[in-house]
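Peer 1: Would you be able to build a 3D model of this:
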Amino acid sequence: MHAETADFRSIVEAHQDRVLNICYKFLHNREDAEDTAQEVFMEVFRSHAQFRGEAELSTWIHRIAVTKSLDLIRKRKRKKRLGSVKSIISIGEGRVEPTGPPTYRPDTAVEDEEYRQILYRAIDRLPETQKIALTLSRIEGFSYKETAAIMETSLGSVESLVFRAKKNLRTSLSRTFSGRID
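Peer 2: Numbering: from 1, shown residues only. Sure thing, here's the model as predicted:
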């Protein structure tokens, strides 16, 4: 058991930074990303016997990180919809406060932060597969091949998803900025 614990500890140490970054890119909140990363490693520990070695260990762990992050987003959307319905029909506490990324970071200019938030919101509105492909390949820096492995899809599908995501973002952002985007 001691050797198994040491092995698991080395897995966590080797992958924790990347898992945390993946979770943060989807959730836009450090605390949520840390909690989700912890859930990822609990799942890895619980499910390590099911790992068949069909993919790299890192790919499997990154896939769990994406899935756990998206699960939290879906859970929040369900709660938000339920809260909105309750407030409309005057059940519960009343107002529903939207949750989202922080609006200010001291190390960045306010204008840059506003543009970042606009971009995050536009990315969040993309179809889920486009959002995943774009986040993993363009924001997290995974290659298309790595992204395809994490998403369990083909290289061509990832290329197409990223292309469509960029096209959709360009359209969305050009409407937001009234033609100021090239």
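Peer 1: Every contact and neighbour count from this point should use C-alpha atoms.
Peer 2: Will do.
Peer 1: Geometrically speaking, which residue is the centre of the protein?
Peer 2: residue 26 (2.1 Å; Cα atoms, centre = their mean).
Peer 1: Quick check, it in contact with residue 71.
Peer 2: No: between residue 26 and residue 71 there is no contact under Cα atoms under 8 Å: 10.6 Å.
Peer 1: those helices in this protein, which residues are they?
Peer 2: For the chain, applying DSSP state H gives helices covering 2-27, 30-47, 57-88, 110-124, 128-134, 144-151, 155-176.
Peer 1: mind listing what's buried in the second one?
Peer 2: Along helix 30-47, these residues count as buried under the neighbour rule (16 or more other Cα atoms under 10 Å): 30, 32-34, 36-41, 44-45.
Peer 1: got CSV for those, with distance to residue 15 and pLDDT too?
Peer 2: Supplementary listing: the buried residues of helix 30-47 in CSV, determined by distance: Cα to Cα, whole Å; pLDDT from 0 to 100:
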residue, distance to residue 15, pLDDT
30, 17, 93
32, 18, 93
33, 14, 94
34, 13, 95
36, 14, 95
37, 10, 95
38, 12, 95
39, 13, 95
40, 11, 95
41, 9, 94
44, 11, 92
45, 13, 90
